[in-house]
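Asker: take this sequence and fold it.
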Amino acid sequence: MPTSTWFRLSVGKRERVLEVAMREFGEHGYSTGSLNTIAREAGIAKGSLFQYFSDKMEFYAFVCDEASRRVREEMERRIAGTSFDQPFEDWLFDVFCEWTEYMAEHPLERTLTAALNFELDNKVRSLVRDTSNQHYLQVIEPMLHGWKERGAIRPDADLQVLTTTLLLMLPFIALAPYYDGLDPVHGLRGRTPAEQRPVIR
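Answerer: Alright, predicted model coming up:
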């Protein structure tokens, strides 16, 4: 958790630090992400970062959690705007399309999603993935339960299996169009959100 000093910063300054940190960690990950670069580009002293957070790990975890929260809140808003008066599979297609459009429009959140999924250090990856997964689950689990209650998902369907499948698919669909080597089957690399739709369908 950040210190009280962090919360005494102006909203604008906190946003600037977070934006710079998201860019730096998104491009370089935890291990090679530079606190010096973050401090310089945010216009603060490096020592100030340690007045806000106890160490680099805590700072990185906070940045990842903040990015995941932003993604979750925006996707909740977008999902609320989809039509529930259609078959489940059509609604799920709409949600996936909203997801790919969001990722195309928000490169900072996308690169940070990549960083926390590709992190090599098991301890760091576990810390940030555990947090980001909770944000995913806050959206996915109620959504599936709601559709099951409507009768759109078979009564004997295992919602844990469906949840796991979505947890695997969402990062893949978010990242495969932007990173080499992730998709040897569908050819998503380089496709626009509109071009991704037939693959998603």
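
Asker: show me where this protein has helices.
Answerer: Using DSSP state H, the helices of the chain run over 4-8, 11-32, 35-42, 46-52, 56-80, 88-105, 107-118, 122-149, 159-175, 193-200.

Asker: for Ser31, see how far away Leu168 is.
Answerer: For Leu168, the distance to Ser31 (C-beta to C-beta, to the nearest Å) stands at 25 Å. C-beta here means a position set from N, CA and C on the backbone, and glycine is covered the same way.

Asker: likewise for Phe172?
Answerer: From Phe172 to Ser31 the distance is 23 Å (C-beta to C-beta).

Asker: and if you look at Cys64?
Answerer: 14 Å.

Asker: so for those two, which sits in the more crowded spot?
Answerer: Per other C-beta atoms under 10 Å, whichever of Cys64 and Ser31 has more neighbours is Cys64, with 27 against 11.

Asker: name the nearest residue to the more buried one, ignoring sequence neighbours.
Answerer: Nearest residue to Cys64, sequence neighbours excluded (C-beta to C-beta, 6 or more residues apart in numbering): Val128, at 4.2 Å.

Asker: so how many other residues sit close to the closest residue in space to Arg14 that isn't next to it in sequence?
Answerer: Nearest non-adjacent residue to Arg14, counting by C-beta to C-beta, 6+ apart: Trp6, 6.9 Å away. Other residues within reach of Trp6 by the criterion other C-beta under 10 Å amount to 18.

Asker: can I assume Trp6 is in contact with Leu49?
Answerer: No. Between Trp6 and Leu49 there is no contact under C-beta atoms under 8 Å: 9.5 Å.

Asker: picking up where we left off before, state the pLDDT value of the residue nearest to Arg14.
Answerer: Listed pLDDT for Trp6 reads 91.

Asker: now the one 10 residues further on
Answerer: We have a pLDDT of 94 for Arg16.
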